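> Predicted structure and sequence below. I'll ask about it afterward.
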Amino acid sequence: MRAARHHRYGSPEVLQVDEVPPPSPGRGEALIRVEAAALNPKDLLIRQGKGAALSRFGLPLPVAQDFAGTLAKLGPGTEEFGIEVGEPVYGMLSAFHLGACAELVTVRRDEVARRPVGLDAAEAAALPLVALTALQALRDDARLTPGDRVLVHGASGGVGTVAVQIAKAFGAHVTASCSERNHALVRELGADACVDYRAQAPSELHARFDVFFDVYGNQPFSVARRVLTPEGRHVSTIPDPANFAWQAGTGLRARTPGLRGPRTAVVLVRDSRRDLNALARLVADGRLKPVLDRRFGLEEIAEAQAFLETKRARGKVVIDLAP
């Protein structure tokens with residue numbers, strides 16, 4: 001089968017498409033025939049050699065976590081897998097399980113769910129990692145409730161476009177922070193207000209927010225708390241050493257009755273069929289739609305990552321693998 005891999009670290013040109021033996025599903029696993037995969041900023045870091053935790057696997061390394069396709073085969077011990085051979089599926093490989101940019105991939109139960117009704121493979125592949133990140137950040141870390149005022153910083157990218165929609169689905173008032181050229185896009189997705197972060201830094205806004213979701217990961221809590229309400233919640237996608245002391249303190253406040261004040265957290269996305277199913281229901285209800293910027297073929301994997309690296313993508317970059 002064909003699979004995108006890199007045999008050394010570096011620029012997008014190190015990526016190549018190799019012929020490799022097809023995988024076979026082990027106990028509790030299923031084999032997926034991949035029709036589309038999606039790229040994420042994490043893929044760029046791994047290719048650059050910044051995914052230190054993955055170094056123990058050695059080179060060559062496969063590419064990507066997000067996929068959509070068809071369940072092709074069930075391995076042993078899958079009597080209660082819950083999805084049948086031939087069903088359309090989508091999902092996200094876990095953090096240490098890459099390889100969605102390949103014609104076949106094996107998955108565990110929590111890494112896959114039935115594909116949302118009405119989405120083709122490319123649209124479905126565009127959702128898992130970004131939508132799981134947004135859902136888990138807003139629902140679990142920010143504890144979003146109806147009526148909360150939410151600032152999504154980095155609202156026009158993969159996670160941001162989904163976060164705007166999920167926050168609206170939860171009944172929040174959403175302010176989207178992104179470049180002015182993307183204001184029309186995020187308003188179409190449901191944003192109630194827009195700010196141009198190039199003209200005004202989020203920390204300089206006069207409004208106050210119950211939730212500050214820092215999708216870009218460049219607004220530390222020490223800055224973000226200036227625009228938070230007294231009980232506000234700051235959630236970032238990227239750990240910041242400067243935030244560790246704050247996180248310890250705010251975690252204590254969250255666990256201790258009577259201790260009050262704003263708090264911060266880092267979202268650590270996890271694979272979850274339950275959450276994939278929840279996202280599929282939002283799609284079915286018309287409250288969530290994927291945003292695709294560009295689609296590339298598997299042989300164009302280097303060009304696809306180079307485009308993502310420009311940080312100009314509005315929504316997702318998808319790799320088509322269907323015949």
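Cool, got the structure.
> quick one: buried residues of stretch 10-22?
Buried residues in stretch 10-22, counted by 16 or more other C-beta atoms under 10 Å: 12, 14-15, 17, 20. All C-beta atoms are positioned from the backbone trio N, CA, C, and that covers glycine.
> Give me the subset of these lying in strands.
Using DSSP state E, the subset of the buried residues of stretch 10-22 located in strands is 15, 17.
> which one of the buried residues of stretch 10-22 is nearest residue 238?
residue 12 (21.7 Å; C-beta to C-beta).
> Report whether the expected contact of that closest one with residue 300 is present.
No: the pair residue 12 / residue 300 is not scored as a contact, 10.4 Å apart, by C-beta atoms under 8 Å.
> What is the neighbour count of the closest residue in space to residue 82 that isn't next to it in sequence?
Nearest residue to residue 82, sequence neighbours excluded (C-beta to C-beta, 6 or more residues apart in numbering): residue 109, at 7.2 Å. The number of residues packed near residue 109 is 17, by other C-beta atoms under 10 Å.
> and if you look at the one 10 residues further on?
Here the number of neighbours of residue 119 (other C-beta under 10 Å) works out to 20.
> which residues does the residue nearest to residue 82 contact?
Contacts of residue 109 were listed using C-beta atoms under 8 Å, 6 or more residues apart in numbering, and they are 28, 81-82, 273.
> Now it: phi and psi?
Per-residue torsions, residue 109: phi -60, psi -50 (degrees, to the nearest 10).
> Tell me how far it lies from residue 11.
To residue 11, residue 109 is 37 Å away according to C-beta to C-beta, to the nearest Å.
> which stretches of the stretch 1-150 of the chain have low pLDDT?
51-56 (pLDDT under 70).
> Please, where are all the helices along it?
Along the stretch 1-150 of the chain, counting by DSSP state H, counting those that start in this stretch, helices occupy 41-47, 121-125, 128-136.
> Including distance to residue 278 and mean neighbour count, could these go into JSON lines?
Formatted as JSON lines, these follow (distance: least, C-beta to C-beta, whole Å; neighbours: other C-beta atoms under 10 Å):
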{"stretch": "helix 41-47", "distance to residue 278": "22", "mean neighbour count": "20"}
{"stretch": "helix 121-125", "distance to residue 278": "15", "mean neighbour count": "26"}
{"stretch": "helix 128-136", "distance to residue 278": "7", "mean neighbour count": "26"}
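> Just put these in a markdown table and tack on distance to residue 174.
Shown next, in a markdown table, are the helices of the stretch 1-150 of the chain (distance: least, C-beta to C-beta, whole Å):
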| stretch | distance to residue 174 |
| --- | --- |
| helix 41-47 | 22 |
| helix 121-125 | 22 |
| helix 128-136 | 12 |
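> hang on, the earlier thing: return the closest of the contacts of residue 109 with respect to residue 96.
Nearest to residue 96 among these: residue 28, at 16.5 Å, using C-beta to C-beta.
> burial of the closest one, as a residue count?
15.
> quick one: it and residue 77 touch, right?
Yes: between residue 28 and residue 77 there is a contact at 4.9 Å, judged by C-beta under 8 Å.
> and of the helices of the stretch 1-150 of the chain, who's closest to residue 288?
helix 128-136 (7.1 Å).
> For that closest one, name the packing helices and strands.
Where contact means 3 or more C-beta pairs under 8 Å, 6 or more residues apart in numbering; DSSP states H and E, helix 128-136 is packed against strand 66-74, strand 88-92, helix 158-169, helix 273-284.
> Buried residues, the last one. List them.
Read that as helix 273-284. Within helix 273-284, the residues scored as buried using 16+ other C-beta under 10 Å are 273, 275-276, 278-280, 282-283.
> same deal with the shortest one?
Residues of strand 88-92 classed as buried by neighbour count (16+ other C-beta under 10 Å): 88-92.
> Give me the contacts around that strand.
By C-beta under 8 Å, 6+ apart, the surrounding residues in contact with strand 88-92 are 32, 65-71, 83, 107, 111-116, 119, 121, 124-125, 127-129, 132, 269, 271, 273, 276.
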